[in-house]
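Q: Let me see the structure of the following:
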Amino acid sequence: MATSSPPPPPAPEQTGPPLTLETLLQVLQAAQSPDPSQRQPAEQLLQSWEPLHNFPTALHTVVRDVNVDENVRQLAAICLKNCVIRWWKRRPSGGVGDEDKARLRVALLSGMEVLSNQIARIEALAVAKIARNDWP
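A: Below is the predicted model of the structure:
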């Protein structure tokens, strides 16, 4: 009798606005605001998006977009690293999907030479965490 893999966990319930690149950019910018009334809700929304399967891919898109402000890209890299640390291994409450994992493994290693040193270091930490989880 062959054993089949368990079905994927249900998608986590999303709170707040839907995750789009435009919304993500706005939230990342608000998360850098010195005004706590803007910054705190933005930080909470970023945390609520972490379990969404497409969140790391969206963050990576922002990190690699040279038309986006460097500080926003750096924050996106930090969020990506934190998301990998917390959600790379799937949980019942969400996590990085298999398709996103495959995409990110390739994408994180390509084009690092065009990143600023700070962003490249942050992405290298995410790559190290992925390697530690995926390859014995």
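Q: Show me what the helix or strand harbouring residue 44 is packed up against.
A: Assigned by DSSP states H and E, residue 44 falls within helix 36-49. When contacts are defined as 3 or more Cβ pairs under 8 Å, 6 or more residues apart in numbering; DSSP states H and E, helix 36-49 packs onto helix 21-30. C-betas here are computed from N, CA, C, even on glycine.
Q: picking up where we left off before, mind listing what's buried in the helix holding residue 44?
A: 42, 43, 45, 46, 48, 49 (16 or more other Cβ atoms under 10 Å).
Q: ok, now which ones touch residue 56?
A: Going by Cβ atoms under 8 Å, 6 or more residues apart in numbering, residue 56 touches 80, 83, 84, 87, 96, 100, 104.
Q: Rebuild the buried residues of helix 36-49 as JSON lines, extending it with pLDDT and distance to residue 130.
A: Below are the buried residues of helix 36-49 laid out as JSON lines (pLDDT from 0 to 100; distance: Cβ to Cβ, whole Å):
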{"residue": "42", "pLDDT": "97", "distance to residue 130": "26"}
{"residue": "43", "pLDDT": "96", "distance to residue 130": "24"}
{"residue": "45", "pLDDT": "95", "distance to residue 130": "25"}
{"residue": "46", "pLDDT": "95", "distance to residue 130": "20"}
{"residue": "48", "pLDDT": "92", "distance to residue 130": "23"}
{"residue": "49", "pLDDT": "92", "distance to residue 130": "19"}
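Q: Name the nearest of those residues relative to residue 76.
A: residue 46 (9.6 Å; Cβ to Cβ).
Q: any idea which of the buried residues of helix 36-49 is closest to residue 125?
A: residue 46 (17.8 Å).
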